[in-house]
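Participant: Sequence and predicted structure are below.
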Amino acid sequence: MSATVCRFPPGFLWGASTSAHQVEGGNRSNDWWRFEHCPGSIADGTTSGEACRHYERFDDDFALAAGDGHKAHRLSLEWSRIEPARDRIDAAAVAHYHDVFASLRRHRMTPVVTLHHFTNPLWISDQGGWENPDTLDRFAAHVRFCAREFGGEVDWWCTVNEPEVYAFRSYSEGTWPPRRRDDTAAIAVIANLLEAHGRAYRILHAEDTRDADGDGRPAVVGFAKSWLQLEPLRTWFPLDVLRAHVENSAFNQAVARAPVTGEIRLGIPGARPVKRRVPELEGSLDYFGLNYYTRWKVDSLSRDPHVATPGSRTTDLGWEIHPAGFEEALILAAAQGAPVLVTENGFADATDAFRPRALVEYLVHMGRAIARGARVVGYLHWSLLDNFEWADGFRPRFGLYHVDFDHPDRPRTARRSAGIYRRILADNAVPSEVAAEVGLAL
C-alpha cells in the first residue's frame, strides 16, 4: 500500500455533480430559458441552448465517470420536462429519466437526485413562483409523483438546492429570474423553500415502502446548503463586523438550523422578518448536503460588499481558494447533527492551472475535518462537465472534463484534474505522490 496523506472511511461515496438545465440542453419550458433570451441577462451573451447535449449523451458521460472510479452521481430532474403544463405529465420525459437511472445502474453509480435546482416550469413562474404559497402544494405534488415513479431506482434524494442562494440572487440582487429587488420577498422565498423541503422530506419517506417492509435501502433525504464564510474585511471596523454577523446569521445559521428545529427565523435589516414553526421541517435531515466554494470578506462601505481576501489565490470568477474554510464548513455542517454529504465543491479554472492542487488541498482538509469528528459520508465534485453556469454563461469552466461548446457534438476531453481525482478514488485516500505531484508540501 502506498504512503498516504490521509485516508477516507470505507464505503465513502465519491463522484461528481451536474444539474439538468446546465447540461441537458433544450429545456425550453422553464423560467431560465425565457430569462436567457432577454438581452443583457447573461454575462457572456450566451443562452443555454443545447448546453452539453447531456440529454442525449448521458450514457457516454456516465461511462466516463465510472471509468474514473466514480461511485455516485448527483443530477436533477427537470420539473418543466416532467410537467410542462399544470397537471400534464410528459410520458417521454418520464421514460427518459428511467433510462438515465438504468444507465447509472449499469455503470454501478448511486444516483443522488435533486428535485429543485433553481429552475421552475413557466406555469409556476407565471403564477408568482416561490412567492405564491400555492407553489408549495404544486411542488409537493411533483415530489409525490417522483417518489412513486422513481422511488424504486433512487435512494438518495436532495429536495432543494441552495434556497438562500436562489432567493438572494433572484429576489434581492435581481440577477436571476424573476429579477426582483425586494429583500422582504427574498426572505419569504427562503422560508417557503425551507417549508417545501420539510414537506418533501415527509412525502419521500411516506411513499418509500422500503421504510416499512425492510426490503432494500430506505430513502435518504436531505437538502443542499451553500456555506459561505462571511468575515469582516476590517475586524476593527464595527460596520464590517456587524454586516458580516447579520449576513452569516441569515445566510448560514438560520437556514442550516431550520430543518433541525422546525423553526424558521429569518431576518435582515430593512426586510420584514419571517418567524414560523413548520412541524414537517423538524428533524428533516437524513444527511446535510454541503455546497462549499469560497470565503468572502465583507466590506460594508463598498458597492460590492463581498470581496476576496486581498492577495489571496482566486478562481476565474474571482472566488478565493480557501481550503481551511472548507474544513471549517464541514465542522459547522456536521454540528447540525446529521451526516454530511458534500454535494458540491469545485473551481472555475478554464486552463486547469490550479484545480489539481486546489482539489488535493480541499480533500486533505476534508480528511482533517473527518479526523476532528465530522461525519462526512461522501464528496461530489462540481462538476463532471463544463456547463452553463447560470448568469455567467459558458465562460466559467468547472468541469473535470472540458467540453468544446464550439463543436456541434460537444466533445469531452479529460483534464489533468480528472486523472488526479481518479487516483485518489482508486486508493480512497490522498496518496503522498499525488500531493507531491501537485506541489503540495505537507
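Facilitator: Yep, that arrived.

Participant: Show me where the stretch 1-150 of the chain dips below the pLDDT cut-off.
Facilitator: For the stretch 1-150 of the chain, the stretches with pLDDT under 70 are 1.

Participant: one more time with 50, if that's ok
Facilitator: Within the stretch 1-150 of the chain, no stretch has pLDDT under 50.

Participant: All the helices of it, in order from the start?
Facilitator: When secondary structure is read from DSSP state H, counting those that start in this stretch, the stretch 1-150 of the chain shows helices at 20-23, 31-36, 54-67, 79-82, 91-106, 122-125, 134-150.

Participant: which of these sits most buried?
Facilitator: Of these, the one with the most neighbours on average (mean count of other Cβ atoms under 10 Å) is helix 20-23, at a mean of 26. C-beta: built from backbone N, CA, C; applies to glycine.

Participant: I'd like to know which elements that helix is packed against.
Facilitator: On a contact count with 3 or more Cβ pairs under 8 Å, 6 or more residues apart in numbering; DSSP states H and E, helix 20-23 meets strand 72-76.

Participant: ok, back up a step: with distance to residue 230 added, can I get the helices of the stretch 1-150 of the chain in a markdown table?
Facilitator: A markdown table is the format used below for the helices of the stretch 1-150 of the chain (distance: least, Cβ to Cβ, whole Å):
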| stretch | distance to residue 230 |
| --- | --- |
| helix 20-23 | 26 |
| helix 31-36 | 27 |
| helix 54-67 | 33 |
| helix 79-82 | 31 |
| helix 91-106 | 36 |
| helix 122-125 | 30 |
| helix 134-150 | 29 |
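
Participant: quick one, which of those is nearest to residue 340?
Facilitator: Among the helices of the stretch 1-150 of the chain, the nearest to residue 340 by Cβ to Cβ is helix 54-67 (21.7 Å).

Participant: Show residues contacting that closest one.
Facilitator: Under the contact criterion Cβ atoms under 8 Å, 6 or more residues apart in numbering, helix 54-67 has outside partners 15-16, 18, 23-26, 52, 73, 96, 99-100, 103-104, 106-109, 384-385, 401, 410, 412, 414.

Participant: could you point out the longest helix in this structure?
Facilitator: In terms of residue count, the longest helix belonging to the chain (DSSP state H) is helix 183-207.

Participant: Which of the residues in that one are classified as buried?
Facilitator: By 16 or more other Cβ atoms under 10 Å, the buried positions in helix 183-207 come out as 183-205, 207.

Participant: Ends of stretch 82-102, what's the gap?
Facilitator: Using Cα to Cα, to the nearest Å, the end-to-end distance of stretch 82-102 comes to 18 Å.

Participant: Need the contact partners of it.
Facilitator: Against stretch 82-102 from outside (Cβ under 8 Å, 6+ apart): 29, 55, 58, 75, 77-78, 81, 111, 121, 123, 138, 142, 145-146, 149-150, 153-154.

Participant: give the contact list for residue 288.
Facilitator: Neighbours of residue 288 in contact, by Cβ under 8 Å, 6+ apart: 222, 225, 256, 333-334, 336, 338-341.

Participant: From residue 311, how far out is residue 320?
Facilitator: As defined by Cβ to Cβ, to the nearest Å, residue 320 lies at a distance of 10 Å from residue 311.

Participant: same question but for residue 431, I mixed them up
Facilitator: In terms of Cβ to Cβ, residue 431 sits 31 Å off from residue 311.

Participant: Could you check which of the two is surrounded by more residues?
Facilitator: residue 431 (21 against 6; other Cβ atoms under 10 Å).

Participant: Would you agree that one is in contact with residue 424?
Facilitator: Yes. Here residue 431 reaches residue 424: they are 7.3 Å apart, a contact under Cβ atoms under 8 Å.

Participant: where's residue 424, which helix or strand?
Facilitator: In this structure, residue 424 is located in helix 416-427 according to DSSP states H and E.

Participant: Following element in sequence after that helix, please.
Facilitator: Per DSSP H and E, the first helix or strand lying C-terminal to helix 416-427 is strand 429-431.

Participant: List the contacts of that next one.
Facilitator: The contact list for strand 429-431 (Cβ under 8 Å, 6+ apart) reads 2-8, 360, 363-364, 367, 423-424.

Participant: Residue 278 is nearest to which of the helices of the stretch 1-150 of the chain?
Facilitator: That would be helix 134-150 among the helices of the stretch 1-150 of the chain, by Cβ to Cβ, at 10.3 Å.

Participant: Output that closest one as PDB - backbone C-alpha positions only.
Facilitator: The C-alpha trace of helix 134-150 is given here as PDB (Å, rounded to 0.1, in the frame of the first residue of the first chain):
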ATOM      1  CA  ASP A 134     -49.700  27.500  -3.900                       C
ATOM      2  CA  THR A 135     -46.300  26.700  -5.300                       C
ATOM      3  CA  LEU A 136     -45.600  24.700  -2.100                       C
ATOM      4  CA  ASP A 137     -48.600  22.500  -2.900                       C
ATOM      5  CA  ARG A 138     -47.600  22.100  -6.600                       C
ATOM      6  CA  PHE A 139     -44.100  21.200  -5.600                       C
ATOM      7  CA  ALA A 140     -45.400  18.700  -3.100                       C
ATOM      8  CA  ALA A 141     -47.400  17.100  -5.900                       C
ATOM      9  CA  HIS A 142     -44.300  16.900  -8.100                       C
ATOM     10  CA  VAL A 143     -42.300  15.300  -5.300                       C
ATOM     11  CA  ARG A 144     -45.000  12.700  -4.700                       C
ATOM     12  CA  PHE A 145     -45.100  11.900  -8.400                       C
ATOM     13  CA  CYS A 146     -41.300  11.500  -8.500                       C
ATOM     14  CA  ALA A 147     -41.300   9.400  -5.300                       C
ATOM     15  CA  ARG A 148     -43.900   7.000  -6.800                       C
ATOM     16  CA  GLU A 149     -42.400   6.900 -10.300                       C
ATOM     17  CA  PHE A 150     -38.700   6.800  -9.400                       C
END
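
Participant: Helix 183-207 and that one, what's the angle between them?
Facilitator: 30 degrees (axes from the mean of the first three to the mean of the last three Cα atoms, to 10 degrees).
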